[in-house]
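Engineer: after the sequence you'll find the predicted model.
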Protein chains: 2
Amino acid sequence: MASKPSIPKGTRDFSPSEVAKRQYIIQKIRTHFENFGYQPIETPTFENSETLMGKYGEEGDRLIFKILNSGDYLAKANERYLSEKDSNKLTSSISEKALRYDLTVPFARYVVQHQNDIEFPFKRYQIQPVWRADKPQKGRFREFYQCDADVVGSTSLWQEVELVQLYDAVFTDLGLKGVTIKINNRKILSGIAEVIGASDKLIDFTVALDKLDKIGEDGVKKEMIAKGISETAIEKVQPLFHFTGTITEKIQKLSALLSSSAEGMKGVEELQFICSNVMDLGLSSAILDLDVTLARGLNYYTGAIFEIAPPSGVSMGSIGGGGRYDDLTGIFGLKNMSGVGISFGLDRIYLVIEELGLFPETVTSTSKALFFNLGQEETQYAMKAITDLRRAGIKVEMYPDNVKMGKQFQYADKRSIPFAVIVGGDEIANNNYSVKNLVSGEQHKLSFEELKAMLA
Amino acid sequence: MASKPSIPKGTRDFSPSEVAKRQYIIQKIRTHFENFGYQPIETPTFENSETLMGKYGEEGDRLIFKILNSGDYLAKANERYLSEKDSNKLTSSISEKALRYDLTVPFARYVVQHQNDIEFPFKRYQIQPVWRADKPQKGRFREFYQCDADVVGSTSLWQEVELVQLYDAVFTDLGLKGVTIKINNRKILSGIAEVIGASDKLIDFTVALDKLDKIGEDGVKKEMIAKGISETAIEKVQPLFHFTGTITEKIQKLSALLSSSAEGMKGVEELQFICSNVMDLGLSSAILDLDVTLARGLNYYTGAIFEIAPPSGVSMGSIGGGGRYDDLTGIFGLKNMSGVGISFGLDRIYLVIEELGLFPETVTSTSKALFFNLGQEETQYAMKAITDLRRAGIKVEMYPDNVKMGKQFQYADKRSIPFAVIVGGDEIANNNYSVKNLVSGEQHKLSFEELKAMLA
């Protein structure tokens, strides 16, 4: 192989400092997931194709990575599709497995498969990579992690209250203060559709309304009319064009607006329960906001919808989202299992924390000291200290080769190791260690106990 | 979908307690990897096929999982192989990516690709799953984790010394005392082959010799002769049939036996350095043993070879292994990069720890307390306490629905939650909490501060 090796597009190598920073975020998320009573599960990287196919729409099916059957896969290939060279139809006869596309469908499959071993309500979290054959672009990868917490088997709205608190706890702990937790409810959206008398135009309506800040009330109305929403309909929801105030005020406006829609009023009631309890219990640093344009996963969610916006000033899309789905496991034959869950967008959270300089310096902490290699006898002496320090849980390293001091200093510098420990004949004779602070340049001779205390 | 969903053969779902136990082991390994100065990297789940193919032999190529190209993959399929239905030859024209088969080849690829950003010697660790289309059987899976630590860019034998110490540190910390770290050297094996005058019979020789305990000296010799090794050759290595004693004694025997082989003597010298320094520094709980039959990865390793046997009494194959390879990155065009590394077998270590009952009870620790749900007002009161407890880092849960107490007790029991906190009108009026120890049955009324102190 003459040219430098590379990796598939849309995938990434993670360097030591990147792994450390990602682990830092994952660890915080994991800690709070567990604090809130969520338990970890893991599912296989690949699932049987029939588990995944047809669950994410036609576009989703296309974006699922399929694994070629092992062995003589053509022996079982569909003859007709093979001769017609119909890639799409041939696939199922030469590929039985596919890479996980998200964590939700495997979770639903897990719940149904293990239903007799699970105590419901089942609060599970899952932090694993997923794969999508999307066109790679800035911030969009073909392999990326999802961090999901979901609970199934209870319709209690206290779960939604807790999930808002969980978002607040994680982002506060990450130092990401001032994220906005946007909340809406699928039933509110249904109510709006009912009031404007155009269920099929609901997405056009919310997309247009979402542009209020950018193109103003007149612009939005023009777009709505262009999309076929009647002026009368727009008139009916006029309050949505001045939808400001506290959450309580917003809920009051919605209550008046949707009074004619039973489903809309149910949505108002749910929002009221969640928001009032969240506010009553208080958030540490996040801001709760009711956003009626929030319509993510419209075909999927049936109750609450969440989305997280980063702190103001950071230009980045949502860094998390979720909601309630009334029939998660129905696709696998287990009916009446309401679920609600949230997800953290690891890659984007990473970028936001990096941009705001919020990773603690210690996150990429390397060894505390590098012991220089000045020869065989010196190294034997040094290794005794190193062995004892490591047994005390202190990270230290020996430079493996007896090369020029300059090269060893360079190694310590590149690795950001703060102290050099230099042992020569003098130190061996006096049973001590010369320790040089590589930042200040200060140098001291220390006994082993002093060295250990300094590095601990 | 009528039937219960399932997962592909050779893959596993991990339940909450299994994830917790696996994380416990991984965390210990990670801690010691870092203590010894190894830094984490992660590589993509799939690599370009050309990175993997041809690196693991013909059998390996067959066992690599290939990913079908996205879109109209048949458009680029090789016409001839398609019409001949030659699955094997067609693959490269319809599949450009493949799942990671081990962590070593991706590491070599990483080192070459990022060589300008890496400070050598580069000590990296990597803990990620790999995939092999092997026939699944007891203890052999198609998806399993590898936990590898390798260093490249130094020929210093101090690395081998440290890797033995690293094994000792991890297994000691896991409570797995008395593992045997078997050591051998490829050059010793070459020396033996030289002495018996049959390099091509080396594997037959070591395989037969390894059966000494089972079939006795005569049995072994019979097998050797059956394999075409001459009686004169066997005579020359007669000391290997009584290869007992301390490591020092064994090294002396080898030194006498291999005196005519320059390479063999180099191997003796390396073994001598590694073993004497390891013994000088001392091991915490592992036993170092020289095993001349140890021949794993014969085509791969060039110096030291390691293999870990579980504590005696546990019937299980090796739970780790490794060695030195003088040309790790040569396959990707970067010459003269000697490397040495070790691997931990997560699945087997798990089984050994389980068998010996060494997982700490706290490993699968669930929430400290379940707050019972007795109604809306009660839950609002309880949620205030829960919110404060979680902010103090204490794991507690609210039962989400107002159902019969029996069901809530059952939930706490199944989840192994040790305390129930019950809040009724009485507790609200007195601003306290009834706490029931679900093991002893004891019940107390506590103030919030008392509750917090008890659960902390």
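Structural biologist: Right, received. Where do you want to start?

Engineer: got phi/psi on residue A:128?
Structural biologist: Torsion angles at residue A:128 (phi, psi; degrees, to the nearest 10) stand at phi -150, psi 160.

Engineer: my bad, should have said residue A:449
Structural biologist: Dihedral angles for residue A:449 - degrees, to the nearest 10 - are phi -60, psi -40.

Engineer: distance of it from residue A:380?
Structural biologist: 20 Å (CB to CB, to the nearest Å). For glycine as for every other residue, the C-beta is placed from the backbone atoms N, C-alpha and C.

Engineer: also residue A:257?
Structural biologist: From residue A:257 to residue A:380 the distance is 81 Å (CB to CB).

Engineer: show me which of these two is the more surrounded one.
Structural biologist: Comparing residue A:257 with residue A:380 by neighbour count (other CB atoms under 10 Å in any protein chain shown), the higher total belongs to residue A:257, at 22 against 17.

Engineer: which ones are touching the more buried one?
Structural biologist: For residue A:257, the contacting residues are A:191, A:192, A:195, A:236, A:237, A:239, A:240, A:264, by CB atoms under 8 Å, 6 or more residues apart in numbering or on different chains.

Engineer: mind doing that once more with 10 Å?
Structural biologist: If you count contacts by CB atoms under 10 Å, 6 or more residues apart in numbering or on different chains, residue A:257 has them with A:188, A:191-192, A:195, A:236-240, A:243, A:264, A:268, A:292.

Engineer: ditto for residue A:237
Structural biologist: Per CB under 10 Å, 6+ apart, neighbours of residue A:237: A:191, A:192, A:195, A:196, A:205, A:209, A:224, A:229, A:243, A:257, A:258, A:292.

Engineer: ok, which pair from these is furthest apart?
Structural biologist: A:224 and A:258 (18.3 Å; CB to CB).

Engineer: and the two most separated of the contacts of residue A:257?
Structural biologist: For the contacts of residue A:257, the farthest-apart pair by CB to CB is A:238 and A:268; their separation is 17.7 Å.

Engineer: which of these two has more neighbours?
Structural biologist: Each of residue A:238 and residue A:268 has its neighbours counted (other CB under 10 Å); residue A:268 has more, 24 against 11.

Engineer: from memory that one sits against residue A:190, does it?
Structural biologist: No: Residue A:268 is not in contact with residue A:190 according to CB atoms under 10 Å; the separation is 11.6 Å.

Engineer: residues shared between the contacts of the two?
Structural biologist: Overlap of the contact sets of residue A:268 and residue A:190 (by CB under 10 Å, 6+ apart) consists of A:258, A:261.

Engineer: now do the strands in the stretch 251-400 of chain A.
Structural biologist: For the stretch 251-400 of chain A, the strands defined by DSSP state E, counting those that start in this stretch cover A:287-290, A:304-309, A:320-325, A:339-344, A:369-371, A:396-398.

Engineer: export the first one as CSV, just CAs?
Structural biologist: Spelled out, it's strand A:287-290. The C-alpha trace of strand A:287-290 is given here as CSV (Å, rounded to 0.1, in the frame of the first residue of the first chain):
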residue,chain,number,x,y,z
ILE,A,287,-34.7,28.0,31.1
LEU,A,288,-38.1,26.3,30.4
ASP,A,289,-39.9,27.8,27.4
LEU,A,290,-43.1,26.9,25.7
